[in-house]
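J.: Any chance you could fold what I've pasted below:
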Amino acid sequence: MAKRTAIIDIGSNSARLVIFEKTSRYGFHLVCEQKSKVRIGEGAYEKKGYLQPIGIKRAFLTLKSFVHTIEKFQVHKILCVATSALRDAPNGKIFVQWIQKELGLSIKIIDGKKRSQIWCNCCE
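T.: Next up, the predicted model:
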């Protein structure tokens with residue numbers, strides 16, 4: 001079976017999963033793409049930047065669904081990143097640790113510049 005790579009991008013408003021299959025040294029085929037409006041930052045502005053239960057729940061359910069899809073497609077490598085919504089939230093790191101514990105998914109919090117680099121270099 002060809003090697004498959006999954007990329008999860010968690011933003012303030014949506015989370016996206018793409019799965020690519022390597023077809024040759026420089027070739028890739030898009031196997032699966034999913035997107036969900038999680039709005040993880042909903043209500044945080046009014047609560048001193050803290051992520052609120054409604055956004056946390058939507059994000060958890062979406063990530064749980066993504067993990068199920070990743071298992072279904074027998075992915076070999078997973079890269080999961082999040083930007084400002086988790087970076088700026090005082091409880092963002094707690095959310096990341098909880099997701100790791102509950103779903104076994106490692107989330108790397110990055111800045112916006114790194115986000116574009118990851119999308120360009122994800123499957124090397």
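J.: what ranges do the helices span in the protein?
T.: Residue ranges of the helices in the chain, as given by DSSP state H, are 53-72, 84-88, 92-103, 112-121.
J.: Now for the nearest residue to Asp88 once chain neighbours are set aside: which residues touch it?
T.: With Cβ to Cβ, 6 or more residues apart in numbering as the criterion, Asp88 has its nearest non-adjacent residue at 6.0 Å, and that residue is Gly49. Where C-beta positions appear, they are placed from N, C-alpha and C, glycine not excepted. Neighbour list for Gly49: 88-90 [criterion: Cβ atoms under 8 Å, 6 or more residues apart in numbering].
J.: can you list the residues you listed in TSV and add pLDDT and neighbour count?
T.: Formatted as TSV, these follow (pLDDT from 0 to 100; neighbours: other Cβ atoms under 10 Å):
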residue	pLDDT	neighbour count
Asp88	91	14
Ala89	93	25
Pro90	95	12
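J.: could I get the residues you listed as CSV with distance to Leu103?
T.: As requested, the contacts of Gly49 are exported to CSV (distance: Cβ to Cβ, whole Å):
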residue, distance to Leu103
Asp88, 22
Ala89, 19
Pro90, 22
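J.: mean pLDDT lowest for which of the helices of the chain?
T.: Mean pLDDT is lowest for helix 112-121 among the helices of the chain, at a mean of 54.
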